[in-house]
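>>> can't give you the sequence, but here's the structure:
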């Protein structure tokens, strides 16, 4: 039994209350954002589901879906796990805990208000950066506050090494700040409307420099920080090769930043820019698969835990989808492949193999590890966690198979020419052929959403009536 005086514990314990709150918000946004995604998928099958209401149209619902899932669910999870792990790897309490709470609640208010603005039709028209300029300024301020808390905690660390997960979280913070500021440079004309500082092909290059690197440093780099901390914790073994993780980090950082132009093949940008994007995308195979191999080798000596530990199942499966997505992406950047895949549902399948298979699964696995420890209790039901696992896997595979099949079909039909060299099939012909695939995608989305609902119930029952456990940093010699 801990005999540390309560006053002392209040002063020096880890600030985990903010972590628990961020996890709760992340789960809530996951359910809201995924529900919107399912509704958007249903509208592609039954367009009349918008009931003539502008705020229910596919364009607004789809944009709401992506922003809530990425920035509500994803970023809340990243901030929460960054705050949790940076304390443990630095052996100190969060720097400026009050500021951490401001980041927590400020971000949720921004997501709520931003989501409503998108449904109301306010949109800057930039992919993954649709929020108008007042929100851009608020995001910048909150992101700087996040950086102050995170790097301030590292500066106060009591051990000399900076653990690899903090390198990835740090890269997430720095690069996303740079991308967000440059891409959102705009001239406001009213409180709700602005025009980009860039135009034409220059605007397209800046947008996909931002868009692809948001995927790279937010949805890949940030979640690799999560992987490098929570996978060794789950496996109860250190990283297989720490040196490989450092090499992979720098290779990832220097190569990913150049890959964005592969979104603009066969467009009005210089050919050398398109070729650079393709080559750097192929180079990305090396650091991406180095990380996957590092993770697989780490769990290779802990396979027995897969039978009993639901969190391990999710994290290991997420590694498999990480390997798939980071192989498929460079292949789709090859121009001869891109001519078939681009502007088709193949791209949608690729995005969701990463978003559902990598980002969502590793987050779910992390939550199954983290939430019971925050509450000081056993997981409410391992059977429900297993049900969630199989629902998630079934949902992902149904979704991906539908989109891969639809995308390849669309690409080949659009490239099909008759004996006069004209298009053999009209746009309507191609669109009509995709309806069975869209029904299949809707089913996959429903299965995945049902699994997320099971997880939410399971974790809610786990923490019900329990306060956040107070954890003291271990006693270590202060670093020079």
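Structure's in. What do you need? What you see is a predicted model, and the numbers here were worked out from it, not measured in a lab.
>>> Now do the helices in the stretch 151-300 of the chain.
164-183, 200-214, 223-235, 242-256, 271-283, 285-299 (DSSP state H, counting those that start in this stretch).
>>> for the stretch 351-480 of the chain, same thing?
Going by DSSP H, counting those that start in this stretch, the stretch 351-480 of the chain shows helices at 361-375, 382-415, 427-433, 435-463.
>>> Lowest average pLDDT across those?
Between these, the one with the least mean pLDDT is helix 427-433; it has a mean of 89.
>>> and that helix, which residues are buried?
For helix 427-433, burial by neighbour count (16 or more other C-beta atoms under 10 Å) applies to residue 430. Just so you know, the C-beta spots here come from the backbone N, C-alpha and C atoms, and that holds for glycine as well.
>>> where does the stretch 1-150 of the chain dip in pLDDT?
1-11 (pLDDT under 70).
>>> let's go with 90 and repeat that
Within the stretch 1-150 of the chain, the stretches with pLDDT under 90 are 1-13.
>>> hmm, back to that, tell me the most buried of the helices of the stretch 151-300 of the chain?
helix 223-235 (a mean of 24; mean count of other C-beta atoms under 10 Å).
>>> How about residues contacting it?
Helix 223-235 is contacted by residues 77-78, 81-82, 85, 88-89, 163-169, 172, 238-239, 245, 252, 291, 295, 298-299, 301-302, 305, 309, 311-312, 315, 318-319, 358-359, 362-363, 365-366, 369-370 when judged by C-beta atoms under 8 Å, 6 or more residues apart in numbering.
>>> show me the contacts for the residue nearest to residue 285 when sequence neighbours are not counted.
Excluding the flanking residues, the one nearest residue 285 by C-beta to C-beta, 6 or more residues apart in numbering is residue 330, at 5.2 Å. Shown in contact with residue 330 (C-beta under 8 Å, 6+ apart): 281-282, 284-285.
>>> quick one: which of the residues you listed is nearest residue 341?
Nearest to residue 341 among these: residue 281, at 12.9 Å, using C-beta to C-beta.
>>> wait, doesn't the closest one sit right on residue 262?
Yes: taking C-beta atoms under 8 Å as the definition, residue 281 is a contact partner of residue 262 at 5.0 Å.
>>> Find residues that contact each of these two.
residue 333.
>>> Compare the helices of the stretch 151-300 of the chain and give me the one nearest residue 52.
The closest of the helices of the stretch 151-300 of the chain to residue 52 is helix 200-214. By C-beta to C-beta, the value is 31.8 Å.
>>> so who does the one residue sitting closest to the centre of the chain touch?
Centroid check for the chain by C-alpha atoms, centre = their mean gives residue 219 as the closest residue, at 3.6 Å. Applying C-beta under 8 Å, 6+ apart to residue 219 gives the contacts 70, 74, 354-355, 358-359.
>>> quick one: which of these is most hemmed in?
residue 359 (28 neighbours; other C-beta atoms under 10 Å).
>>> For it, list the residues it contacts.
Contacts of residue 359 (C-beta under 8 Å, 6+ apart): 74, 219, 223, 318.
>>> Which pLDDT value goes with the second one?
Per-residue confidence (pLDDT) for residue 219: 93.
>>> Could you do the last one as well?
The per-residue pLDDT reported for residue 318 equals 94.
>>> Touching, it and residue 356? I think so.
No: between residue 318 and residue 356 there is no contact under C-beta under 8 Å: 9.7 Å.
>>> Poorly predicted segments of the stretch 251-400 of the chain, please.
254, 267, 288-312, 316.
>>> Now residue 331: closest residue in space that isn't a chain neighbour?
Nearest to residue 331 is residue 337, by C-beta to C-beta, 6+ apart, at 5.8 Å.
>>> thinking again about what came up before, identify whichever of the helices of the stretch 151-300 of the chain lies nearest to residue 348.
Using C-beta to C-beta, the nearest of the helices of the stretch 151-300 of the chain to residue 348 is helix 200-214, at 14.8 Å.
>>> and the angle from that closest one to helix 242-256?
160 degrees (axes from the mean of the first three to the mean of the last three C-alpha atoms, to 10 degrees).
>>> Would you check the distance separating helix 200-214 from the middle of the chain?
Centroid separation for helix 200-214 versus its chain: 19 Å, with C-alpha atoms, centre = their mean, to the nearest Å.
>>> same deal with stretch 121-131?
Distance, centroid of stretch 121-131 to centroid of chain: 18 Å (C-alpha atoms, centre = their mean).
>>> got the buried residues for that stretch?
Neighbour-count burial for stretch 121-131 [16+ other C-beta under 10 Å]: 122-124, 126-131.
>>> Secondary structure and distance to residue 432 added to these, as CSV?
Shown next, in CSV, are the buried residues of stretch 121-131 (DSSP: H, G, I helix; E, B strand; the rest coil; distance: C-beta to C-beta, whole Å):
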residue, secondary structure, distance to residue 432
122, coil, 33
123, coil, 29
124, coil, 33
126, coil, 31
127, coil, 27
128, coil, 30
129, coil, 33
130, coil, 29
131, coil, 35
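>>> now those residues in CSV, with distance to residue 153?
Formatted as CSV, the buried residues of stretch 121-131 follow (distance: C-beta to C-beta, whole Å):
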residue, distance to residue 153
122, 36
123, 36
124, 33
126, 32
127, 33
128, 28
129, 28
130, 32
131, 28
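>>> tell me which of those is nearest to residue 46?
Nearest member of the buried residues of stretch 121-131 to residue 46, counting by C-beta to C-beta, is residue 123, at 24.0 Å.
>>> Out of the helices of the stretch 151-300 of the chain, the one nearest residue 26 is which?
By C-beta to C-beta (comparing all of the helices of the stretch 151-300 of the chain), the closest turns out to be helix 223-235, at 11.7 Å.
>>> ok, the residue nearest to residue 263 when sequence neighbours are not counted - contacts?
Nearest residue to residue 263, sequence neighbours excluded (C-beta to C-beta, 6+ apart): residue 208, at 4.2 Å. With contact taken as C-beta under 8 Å, 6+ apart, residue 208 is in contact with 260-261, 263-264.
>>> Select from those the one having the most neighbours.
Of the contacts of residue 208, with other C-beta under 10 Å as the count, residue 260 tops at 27 neighbours.
>>> which ones are touching that residue?
Residue 260 neighbours (C-beta under 8 Å, 6+ apart): 205, 208-213, 277.
>>> Which two of the residues you listed have the greatest separation?
210 and 277 (13.8 Å).
>>> Tell me, how many residues neighbour residue 191?
If we define neighbours as other C-beta under 10 Å, then residue 191 has 10 of them.
>>> Apart from its chain neighbours, what residue comes closest to it?
residue 134 (6.7 Å).
>>> Work out for me the element the one you found sits within.
For residue 134, the enclosing helix or strand under DSSP states H and E is helix 133-155.
>>> sorry, back to before: against residue 93, how distant is the residue nearest to the centre of the chain?
29 Å (C-beta to C-beta, to the nearest Å).
>>> ditto for residue 13
7 Å.
>>> Can you pull the residues that touch both of these two?
By C-beta under 8 Å, 6+ apart, the residues touching both residue 13 and residue 93 are residue 473.
>>> From residue 358, how far off is residue 317?
For residue 317 relative to residue 358 (C-beta to C-beta), the value is 10 Å.
>>> which outside residues touch stretch 113-131?
Counting by C-beta under 8 Å, 6+ apart, residues outside stretch 113-131 touching it are 54-55, 60-61, 63-64, 66-68, 70-72, 132-133, 135-136, 139, 180, 183-184, 186, 192-194, 196, 207, 210-211, 214.
>>> just to revisit the earlier point, between the helices of the stretch 151-300 of the chain, which one is nearest to residue 433?
Per C-beta to C-beta, nearest to residue 433 of the helices of the stretch 151-300 of the chain: helix 200-214, 28.6 Å.
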